[in-house]
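>>> the amino acid sequence is not available; the structure is as follows:
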């Protein structure tokens, strides 16, 4: 047993496919270029070309787009085991930016390495594309969140989704999780103002549904919260049968 | 010259890579199972498993998610040359539904056919993944649209994006395009009510920016509209250099 078998990415992919020894080797080969980045300094900037992708191994990141008027929309947060910019390897320029929210550890993956892995380990390739598909399903759900849920349900749904994702990589439980996000991050992800987020969180707390305080999200009554938010985790595809 | 070279998909992919004769052959091989579908009847339903993907060759489709309370969020519209459900081939169940807005012609593509094409035509594979990445960049932009643009700019941005996409497949010009969408479609895509969309369209028309009437979108002053909406088409990646 070494670091790869215990890595968040292996934990995540193992939910989809039972990886063989040679597939773990192929995964290990992708982990050649380890990098550290400090909080607050973009890894990849909107409009940048020829960028690599990254596998996040420690810490939290957000992906975002800046509008011409300076407002920011956070597209998603990335947690350990997530790819950063996998899709942008194919676009000629990156369509959004990545900013570490905490200090992070990440592995740089170049397009050539990925293509080699895809050619030699088709099952691993399928598992990586599964993870990419799941990331996209989350962005679609965030669109539903902004378009069709009110501020309270939107916030509750988002924090439940983060919880389910963290459980998959061993960083959360049914009762809650550690969370380095500020109310400004939540505001930029949820299309709300920070003041509004603050009011929503107070409301959720007073209703005994959820408490977000001192870097911890704690579910008060998770079942009632799930029902309140209309949270159906099927789009996260975490509980299906293994790939044949 | 036969139908494949002139197909909307070939037109779109040719923007990214100059396809060779053998790559056109591989593309032709994907077009074995032609299907017709009538307007209003879902091709793929949210939660359905083991579905195929489709290449849309004629007509318009929308992809959407239904909320537990029955409200609908349209994720995107698909036009000729677009894939339907390419991503969902990888998820164990489809995370959203596809409904033809008009009667349509589509080609069914099974996962095995796709993987064969990927193995034999890596450049064509890259072009298809480019198209998929571009689709995702659009969903991200729709998220920005809902999160950070007011109703007027949101509507203008969306109709400019549709126009740019249609130009790429030879179905629109700088002055406008034919558009079968109703105000209900726009409302469900933009997170607005149909009444609100109606008011926004009247406002855009009175300001000389845009007219949407009798199935046609006509730009009044396109430059001013682009500036008003903050529309930067870079995320559509339509004007980059060819793949080497």
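Looks like it arrived, so ask away. Remember, predicted model here, so these are calculated numbers, not experimental data.

>>> gap between the residue nearest the centre of chain A and residue B:85?
For chain A, the residue nearest the mean C-alpha position is residue A:78 (3.2 Å; CA atoms, centre = their mean). From residue A:78 across to residue B:85, the span is 25 Å (CB to CB, to the nearest Å). All C-beta spots, glycine's among them, are computed from the backbone N, C-alpha and C.

>>> and if you look at residue A:214?
43 Å.

>>> pLDDT score assigned to residue A:90?
pLDDT recorded at residue A:90 is 68.

>>> coming back round to it: now the spatially closest residue to the residue nearest to the centre of chain A that is not a sequence neighbour: phi and psi?
Nearest residue to residue A:78, sequence neighbours excluded (CB to CB, 6 or more residues apart in numbering or on different chains): residue A:61, at 4.2 Å. According to degrees, to the nearest 10, the main-chain angles of residue A:61 amount to phi -130, psi 160.

>>> need the contact list for residue A:61.
A:43, A:77, A:78, A:82, A:84, A:98, A:99, A:100, A:101, A:104 (CB atoms under 8 Å, 6 or more residues apart in numbering or on different chains).

>>> care to break chain A down by domain?
A:3-135, A:136-236 (automatic domain parsing).

>>> tabulate those (JSON lines), appending distance to residue B:194.
Shown next, in JSON lines, are these (distance: least, CB to CB, whole Å):
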{"stretch": "domain A:3-135", "distance to residue B:194": "25"}
{"stretch": "domain A:136-236", "distance to residue B:194": "14"}
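
>>> among these, show the one with the smallest mean pLDDT.
domain A:3-135 (a mean of 88).

>>> quick check, residue A:177 in a strand?
Yes. Residue A:177 forms part of a strand when assessed by DSSP: H, G, I helix; E, B strand; the rest coil.

>>> which residues in chain A form strands?
Applying DSSP state E to chain A gives strands spanning A:33-37, A:53-58, A:61-66, A:72-78, A:83-84, A:97-100, A:104-109, A:172-173, A:176-178, A:210-213, A:216-219.

>>> thinking again about what came up before, so which of the domains of chain A is nearest residue B:11?
Proximity to residue B:11 (CB to CB) singles out domain A:3-135 among these, at 18.1 Å.

>>> if we can go back for a sec, looking at residue A:214 and residue B:85, which is more packed in?
Using other CB atoms under 10 Å in any protein chain shown, the more surrounded residue of residue A:214 and residue B:85 is residue B:85, with 22 against 8.

>>> what's the spacing between residue A:137 and chain B?
For residue A:137, the distance to chain B equals 4 Å [CB to the nearest CB, to the nearest Å].

>>> next one: residue A:140
5 Å.

>>> for that residue, grab the count of nearby residues.
Counted with other CB under 10 Å, residue A:140 comes out at 23.

>>> name the nearest residue to it, ignoring sequence neighbours.
Nearest to residue A:140 is residue B:75, by CB to CB, 6+ apart, at 5.3 Å.

>>> ok, that neighbour - contacts?
With CB under 8 Å, 6+ apart, residue B:75 has these contacts: A:140, A:143, A:144, B:62, B:63, B:64, B:65, B:96, B:139, B:142.

>>> okay if I get the residues you listed as JSON lines plus distance to residue A:219?
What follows is those, written out as JSON lines (distance: CB to CB, whole Å):
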{"residue": "A:140", "distance to residue A:219": "24"}
{"residue": "A:143", "distance to residue A:219": "25"}
{"residue": "A:144", "distance to residue A:219": "21"}
{"residue": "B:62", "distance to residue A:219": "35"}
{"residue": "B:63", "distance to residue A:219": "32"}
{"residue": "B:64", "distance to residue A:219": "30"}
{"residue": "B:65", "distance to residue A:219": "24"}
{"residue": "B:96", "distance to residue A:219": "27"}
{"residue": "B:139", "distance to residue A:219": "29"}
{"residue": "B:142", "distance to residue A:219": "30"}
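
>>> which one of those is nearest residue A:33?
residue B:139 (29.6 Å).

>>> so how far is residue A:146 from that closest one?
Taking CB to CB, one finds residue B:139 at 12 Å from residue A:146.

>>> and those two? Which one has more around it.
residue A:146 (23 against 17).
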